[in-house]
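Student: Predicted model, plus sequence, below.
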Amino acid sequence: MILKLIKGLFVAVQIIILLFGLVIVGIGTWLELQYKSLKEVLDSSRLNYGPYLIICVGILVSLIALFGLVGVKGKNMLNKYSLGLYIILAFIVVLGQMAGAMATFVFREQVESIASEALNETMKYYGMDSEVGTLVTDLWNNLQQENGCCGVNGARDWIGEVRNESIALPSTCCRNTTDLLCGLDTESIASAYGGGCLSFVTEYLSDNLLYVGAFGLGFVAVQAVSIIVAVLLLMVSDYSATNKVGVI
(Lines give C-alpha, C1' and ligand atoms only; values in the text may rest on other atoms or scores of the structure.)
Protein backbone atom coordinates (compact mmCIF):
# COMPACT_ATOMS: atom_id res chain seq x y z
CA MET A 1 0.00 0.00 0.00
CA ILE A 2 2.83 2.41 0.89
CA LEU A 3 4.58 1.59 -2.37
CA LYS A 4 1.40 2.35 -4.33
CA LEU A 5 0.90 5.68 -2.54
CA ILE A 6 4.48 6.82 -3.12
CA LYS A 7 4.31 5.62 -6.70
CA GLY A 8 1.10 7.61 -7.27
CA LEU A 9 2.67 10.73 -5.75
CA PHE A 10 5.73 10.33 -7.95
CA VAL A 11 3.64 9.99 -11.11
CA ALA A 12 1.59 13.08 -10.15
CA VAL A 13 4.74 15.15 -9.59
CA GLN A 14 6.23 14.00 -12.90
CA ILE A 15 3.09 15.04 -14.75
CA ILE A 16 3.32 18.51 -13.15
CA ILE A 17 6.99 18.79 -14.11
CA LEU A 18 6.21 17.62 -17.63
CA LEU A 19 3.55 20.32 -17.99
CA PHE A 20 5.96 22.94 -16.60
CA GLY A 21 8.55 21.85 -19.13
CA LEU A 22 6.07 22.21 -22.00
CA VAL A 23 5.10 25.67 -20.74
CA ILE A 24 8.78 26.67 -20.72
CA VAL A 25 9.16 25.42 -24.31
CA GLY A 26 6.10 27.46 -25.26
CA ILE A 27 7.48 30.63 -23.65
CA GLY A 28 10.82 30.23 -25.41
CA THR A 29 9.11 29.64 -28.77
CA TRP A 30 6.87 32.68 -28.28
CA LEU A 31 9.86 34.89 -27.48
CA GLU A 32 11.73 33.63 -30.54
CA LEU A 33 8.80 34.31 -32.88
CA GLN A 34 7.79 37.60 -31.25
CA TYR A 35 11.19 39.27 -31.34
CA LYS A 36 12.88 37.47 -34.23
CA SER A 37 13.24 40.71 -36.24
CA LEU A 38 14.27 42.75 -33.23
CA LYS A 39 17.15 40.37 -32.45
CA GLU A 40 18.74 41.40 -35.73
CA VAL A 41 19.00 44.92 -34.32
CA LEU A 42 20.14 44.02 -30.81
CA ASP A 43 23.60 42.55 -31.26
CA SER A 44 23.74 40.76 -27.92
CA SER A 45 24.32 37.05 -27.35
CA ARG A 46 22.25 37.21 -24.18
CA LEU A 47 19.24 38.30 -26.23
CA ASN A 48 19.94 36.29 -29.38
CA TYR A 49 20.42 32.93 -27.66
CA GLY A 50 18.07 33.48 -24.72
CA PRO A 51 14.95 31.95 -26.36
CA TYR A 52 16.93 28.93 -27.58
CA LEU A 53 18.29 28.35 -24.09
CA ILE A 54 14.79 28.51 -22.63
CA ILE A 55 13.51 26.03 -25.22
CA CYS A 56 16.38 23.61 -24.53
CA VAL A 57 15.77 23.74 -20.77
CA GLY A 58 12.07 23.06 -21.29
CA ILE A 59 12.75 20.11 -23.59
CA LEU A 60 15.34 18.65 -21.19
CA VAL A 61 13.02 18.95 -18.20
CA SER A 62 10.15 17.34 -20.14
CA LEU A 63 12.32 14.45 -21.34
CA ILE A 64 13.60 13.71 -17.84
CA ALA A 65 10.03 13.75 -16.52
CA LEU A 66 9.03 11.27 -19.22
CA PHE A 67 12.06 9.15 -18.34
CA GLY A 68 10.89 9.14 -14.72
CA LEU A 69 7.43 7.96 -15.78
CA VAL A 70 9.01 5.18 -17.84
CA GLY A 71 10.91 4.14 -14.71
CA VAL A 72 7.60 3.26 -13.08
CA LYS A 73 5.71 0.73 -15.14
CA GLY A 74 2.95 -1.77 -14.56
CA LYS A 75 0.90 -2.10 -11.42
CA ASN A 76 3.53 -3.37 -9.01
CA MET A 77 6.68 -3.36 -11.13
CA LEU A 78 9.48 -0.84 -10.83
CA ASN A 79 12.33 -0.36 -13.28
CA LYS A 80 15.08 0.37 -10.73
CA TYR A 81 17.80 1.13 -13.24
CA SER A 82 15.70 3.66 -15.12
CA LEU A 83 14.56 5.29 -11.89
CA GLY A 84 18.10 5.41 -10.54
CA LEU A 85 19.32 7.06 -13.73
CA TYR A 86 16.38 9.47 -13.50
CA ILE A 87 17.48 10.50 -9.99
CA ILE A 88 21.03 11.21 -11.21
CA LEU A 89 19.92 13.22 -14.26
CA ALA A 90 17.25 15.13 -12.33
CA PHE A 91 19.78 16.01 -9.62
CA ILE A 92 22.21 17.41 -12.22
CA VAL A 93 19.44 19.43 -13.87
CA VAL A 94 18.28 20.77 -10.49
CA LEU A 95 21.80 22.00 -9.74
CA GLY A 96 21.92 23.76 -13.11
CA GLN A 97 18.49 25.30 -12.65
CA MET A 98 19.36 26.47 -9.17
CA ALA A 99 22.45 28.20 -10.53
CA GLY A 100 20.35 29.75 -13.32
CA ALA A 101 17.68 30.96 -10.89
CA MET A 102 20.32 32.55 -8.66
CA ALA A 103 21.95 34.12 -11.73
CA THR A 104 18.74 36.02 -12.51
CA PHE A 105 19.04 37.85 -9.18
CA VAL A 106 22.64 38.79 -10.01
CA PHE A 107 21.64 39.75 -13.56
CA ARG A 108 19.17 42.28 -12.14
CA GLU A 109 22.12 44.47 -11.16
CA GLN A 110 23.12 44.79 -14.84
CA VAL A 111 19.63 45.49 -16.18
CA GLU A 112 20.00 49.26 -16.44
CA SER A 113 23.15 49.19 -18.58
CA ILE A 114 21.76 46.45 -20.84
CA ALA A 115 18.42 48.28 -21.24
CA SER A 116 20.20 51.56 -22.00
CA GLU A 117 22.33 49.89 -24.69
CA ALA A 118 19.31 48.17 -26.27
CA LEU A 119 17.17 51.32 -26.30
CA ASN A 120 19.93 53.43 -27.85
CA GLU A 121 20.54 50.80 -30.54
CA THR A 122 16.88 50.68 -31.57
CA MET A 123 16.31 54.45 -31.82
CA LYS A 124 17.96 54.74 -35.23
CA TYR A 125 15.46 52.26 -36.69
CA TYR A 126 12.45 54.32 -35.64
CA GLY A 127 10.34 55.28 -38.66
CA MET A 128 12.17 52.99 -41.10
CA ASP A 129 10.05 51.39 -43.81
CA SER A 130 10.96 47.80 -43.02
CA GLU A 131 9.88 44.92 -40.80
CA VAL A 132 12.41 45.87 -38.15
CA GLY A 133 11.49 49.55 -38.47
CA THR A 134 7.79 48.82 -37.98
CA LEU A 135 8.47 46.66 -34.93
CA VAL A 136 10.81 49.23 -33.35
CA THR A 137 8.41 52.10 -34.11
CA ASP A 138 5.49 50.28 -32.48
CA LEU A 139 7.58 49.34 -29.44
CA TRP A 140 8.77 52.92 -28.90
CA ASN A 141 5.32 54.44 -29.47
CA ASN A 142 3.70 52.07 -26.97
CA LEU A 143 6.50 52.58 -24.45
CA GLN A 144 6.32 56.38 -24.57
CA GLN A 145 2.55 56.66 -24.74
CA GLU A 146 1.81 54.24 -21.92
CA ASN A 147 4.48 55.56 -19.53
CA GLY A 148 4.53 59.27 -20.39
CA CYS A 149 8.23 59.32 -21.24
CA CYS A 150 10.41 60.33 -24.19
CA GLY A 151 13.69 58.90 -25.45
CA VAL A 152 16.17 56.97 -23.34
CA ASN A 153 17.07 59.73 -20.89
CA GLY A 154 15.01 62.55 -22.39
CA ALA A 155 13.53 64.09 -25.54
CA ARG A 156 16.91 65.32 -26.82
CA ASP A 157 17.92 61.70 -27.45
CA TRP A 158 15.67 61.70 -30.53
CA ILE A 159 17.36 64.62 -32.27
CA GLY A 160 18.99 63.26 -35.42
CA GLU A 161 17.80 59.69 -34.81
CA VAL A 162 14.37 59.67 -36.49
CA ARG A 163 14.58 58.39 -40.08
CA ASN A 164 11.48 60.34 -41.09
CA GLU A 165 12.88 63.76 -42.03
CA SER A 166 9.49 65.47 -41.65
CA ILE A 167 9.58 65.13 -37.86
CA ALA A 168 12.16 65.77 -35.16
CA LEU A 169 10.77 63.42 -32.54
CA PRO A 170 7.83 60.98 -32.26
CA SER A 171 4.39 62.42 -31.61
CA THR A 172 4.03 59.98 -28.71
CA CYS A 173 6.55 62.14 -26.86
CA CYS A 174 4.10 65.04 -26.76
CA ARG A 175 2.34 65.81 -23.49
CA ASN A 176 -0.48 67.60 -25.35
CA THR A 177 -1.84 65.28 -28.05
CA THR A 178 -3.90 68.11 -29.56
CA ASP A 179 -0.76 70.14 -30.35
CA LEU A 180 -0.35 69.41 -34.06
CA LEU A 181 3.01 71.19 -34.23
CA CYS A 182 4.59 69.09 -31.50
CA GLY A 183 7.29 66.80 -32.87
CA LEU A 184 7.84 68.68 -36.13
CA ASP A 185 11.01 70.52 -35.05
CA THR A 186 13.59 70.68 -32.26
CA GLU A 187 11.56 73.36 -30.47
CA SER A 188 9.04 70.63 -29.70
CA ILE A 189 11.32 69.42 -26.92
CA ALA A 190 9.67 72.00 -24.66
CA SER A 191 6.30 70.31 -25.26
CA ALA A 192 7.61 66.75 -24.80
CA TYR A 193 7.64 64.60 -21.70
CA GLY A 194 10.53 65.57 -19.49
CA GLY A 195 11.68 62.16 -18.34
CA GLY A 196 13.27 59.35 -20.35
CA CYS A 197 11.95 55.80 -20.66
CA LEU A 198 15.03 54.05 -19.29
CA SER A 199 13.78 54.06 -15.71
CA PHE A 200 10.47 52.44 -16.70
CA VAL A 201 12.15 49.74 -18.78
CA THR A 202 14.70 49.05 -16.03
CA GLU A 203 12.00 48.72 -13.40
CA TYR A 204 9.89 46.47 -15.64
CA LEU A 205 12.78 44.13 -16.48
CA SER A 206 14.04 44.08 -12.91
CA ASP A 207 10.61 43.12 -11.54
CA ASN A 208 10.13 40.41 -14.16
CA LEU A 209 13.58 38.95 -13.50
CA LEU A 210 12.61 38.77 -9.84
CA TYR A 211 9.48 36.81 -10.76
CA VAL A 212 11.49 34.54 -13.07
CA GLY A 213 14.03 33.85 -10.32
CA ALA A 214 11.28 33.11 -7.79
CA PHE A 215 9.51 30.83 -10.29
CA GLY A 216 12.81 29.07 -11.00
CA LEU A 217 13.45 28.40 -7.31
CA GLY A 218 9.88 27.16 -6.90
CA PHE A 219 10.33 24.82 -9.84
CA VAL A 220 13.59 23.57 -8.35
CA ALA A 221 11.71 22.84 -5.10
CA VAL A 222 9.13 20.75 -7.00
CA GLN A 223 11.87 18.78 -8.72
CA ALA A 224 13.71 18.30 -5.42
CA VAL A 225 10.54 16.78 -3.96
CA SER A 226 10.36 14.54 -7.03
CA ILE A 227 13.90 13.28 -6.43
CA ILE A 228 13.16 12.58 -2.77
CA VAL A 229 10.01 10.68 -3.72
CA ALA A 230 11.99 8.66 -6.29
CA VAL A 231 14.55 7.72 -3.63
CA LEU A 232 11.75 6.69 -1.24
CA LEU A 233 10.19 4.69 -4.05
CA LEU A 234 13.41 2.73 -4.53
CA MET A 235 13.82 2.20 -0.78
CA VAL A 236 10.25 0.94 -0.31
CA SER A 237 10.60 -1.25 -3.39
CA ASP A 238 13.78 -2.83 -2.01
CA TYR A 239 12.11 -3.32 1.36
CA SER A 240 9.11 -5.03 -0.25
CA ALA A 241 11.33 -7.26 -2.36
CA THR A 242 13.38 -8.27 0.72
CA ASN A 243 10.24 -9.21 2.65
CA LYS A 244 8.96 -11.33 -0.21
CA VAL A 245 12.27 -13.17 -0.40
CA GLY A 246 12.21 -13.79 3.34
CA VAL A 247 8.70 -15.23 3.20
CA ILE A 248 9.66 -17.58 0.39
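Tutor: That came through, no problem.
Student: Give me the mean pLDDT for the longest helix that the chain contains.
Tutor: The helix that spans the most residues within the chain, counting by DSSP state H, is helix 198-247. Taken as a whole, helix 198-247 carries a mean pLDDT of 76.
Student: Repeat that for stretch 98-117.
Tutor: pLDDT averaged over stretch 98-117 gives 80.
Student: Show me what counts as buried in it.
Tutor: Along stretch 98-117, these residues count as buried under the neighbour rule (16 or more other CB atoms under 10 Å): M98, G100, A101, T104, F107, R108, V111, E112, I114, A115, S116. All C-beta atoms are positioned from the backbone trio N, CA, C, and that covers glycine.
Student: before we move on, what about stretch 13-24?
Tutor: Residues of stretch 13-24 classed as buried by neighbour count (16+ other CB under 10 Å): V13, Q14, I16, I17, L18, F20, G21, I24.
Student: Now render those residues as CSV, adding pLDDT and secondary structure.
Tutor: What follows is the buried residues of stretch 13-24, written out as CSV (pLDDT from 0 to 100; DSSP: H, G, I helix; E, B strand; the rest coil):
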residue, pLDDT, secondary structure
V13, 84, helix
Q14, 87, helix
I16, 87, helix
I17, 86, helix
L18, 88, helix
F20, 85, helix
G21, 86, helix
I24, 85, helix
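Student: quick one: which of the residues you listed is nearest A90?
Tutor: I17 (8.8 Å; CB to CB).
Student: The nearest residue to that closest one once chain neighbours are set aside: what's it in contact with?
Tutor: Of all residues beyond its chain neighbours, the one nearest I17 is A65 (4.3 Å), with distances taken as CB to CB, 6 or more residues apart in numbering. Residues in contact with A65 (CB atoms under 8 Å, 6 or more residues apart in numbering) are Q14, I15, I17, L18, G21.
Student: how does it look with 6 Å?
Tutor: Going by CB atoms under 6 Å, 6 or more residues apart in numbering, A65 touches Q14, I17, L18.
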